[in-house]
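> just need the structure, nothing else, for what follows:
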Amino acid sequence: MRALATTPGARGLEDDAAILELGGETLVLTHDTMVDGVHVLEGQDPADIAWKLVAVNLSDLAAKGAEPVGVLLSHMLGTDDHRFVTGLREVLDCYDVPLLGGDTVRGEGPRVWGCTAIGRATHRPVPSRDGAKVGDAIHVTGTLGAAMLGFEALRDGDEADSSAYRRPRPRLDEGRLLAPHVTAMMDISDGLLLDCWRMASASESVTFDLESAAIPVADNSRRSECLRWGDDYQLLFTTPAEAKLPVSATRIGTVTDAKSAPLQLDGEPLSLDEGLGYQH
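Coordinates of the predicted model:
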């Protein structure tokens, strides 16, 4: 599909969002799809599904430092549709985002939902994945692995400890504050290691050299899993080494000259064949 996406706004389909210049405004657009039994547990409360559907798209806007303008949804009808509407109202109210439209359908097989989020850039140039430079510091917000533990809790019937998985929190405020300072930024949806690989590969001629012990995780005894599981929706970003950060974040490594692989962990090169994160 990249061969079809030839306009500059598509960013070669190598980024989390499209960027459109319209008059004096810069719009940021993103779209995500969720499948029952793949991105959410089968039988999960539709209120949580609606929340997550919107939140993961707002997370892409956060990675661009964008302010949400509105969302459009596609909803596959089924049982407990009133619960989907309840969760949708909750997430839209929480982030003060209007519902602009969308579509409803009925079909057979696993249910599928889609969301398009529209945002307004608060800083130009809009942050991208491909700007990391040699000497930059690599940072991450929050703690990784909380969604993995939340998923396991929900799977095992413990809803109280599952909120990190059920209802992720997009880092919109942090993204807007960071946008003027970062050289590259994206949200962590498929696992820290895989997303670091993607950012390093997009930036070209660099290697992300990570320090395992510096990475904040939710369970030290399962550090490797926490770095690979995904669904945390924290922000991964690079800045000049001397930059003062306007948000709380942890430095987890350094951007170096390109080595044998785009990603190193404690000095050892990593390969995509090692299962760096979630891939369909």
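> now V105, nearest residue through space, not along the chain?
Excluding its sequence neighbours, the residue lying closest to V105 (C-beta to C-beta, 6 or more residues apart in numbering) is M76, at 5.6 Å. In this view, the C-beta of every residue, glycine as well, is placed from N, C-alpha and C.
> which residue is the nearest non-sequential neighbour of P8?
I19 (7.8 Å).
> surely S201 meets P262?
Yes: using C-beta atoms under 8 Å, S201 is in contact with P262, at 4.8 Å.
> neighbour-wise, which of those two wins?
Neighbour tally, S201 and P262, criterion other C-beta atoms under 10 Å: the higher count belongs to P262, 23 against 17.
> wait, that one sits on F208?
Yes: P262 lies in contact with F208 (C-beta under 8 Å); the separation is 6.6 Å.
> mutual contacts of these two, please.
W197, A200 (C-beta atoms under 8 Å, 6 or more residues apart in numbering).
> which stretches of the stretch 101-250 of the chain form strands?
112-121, 137-140, 184-187, 206-210, 235-239, 250-257 (DSSP state E, counting those that start in this stretch).
> any buried residues in the strand or helix carrying the residue nearest to P8, and which?
Under the criterion of DSSP states H and E, I19 resides in strand 18-22. For strand 18-22, a neighbour-count test (16 or more other C-beta atoms under 10 Å) marks A18, I19, L20 as buried.
> now L272: closest residue in space that isn't a chain neighbour?
Closest residue in space to L272, ignoring its immediate chain neighbours: W197 at 6.8 Å, by C-beta to C-beta, 6+ apart.
> ok, that neighbour - contacts?
F208, P262, L263, L270, L272, L276.
> A5 versus that one, what's the distance?
Distance of W197 to A5, given as C-beta to C-beta, to the nearest Å: 21 Å.
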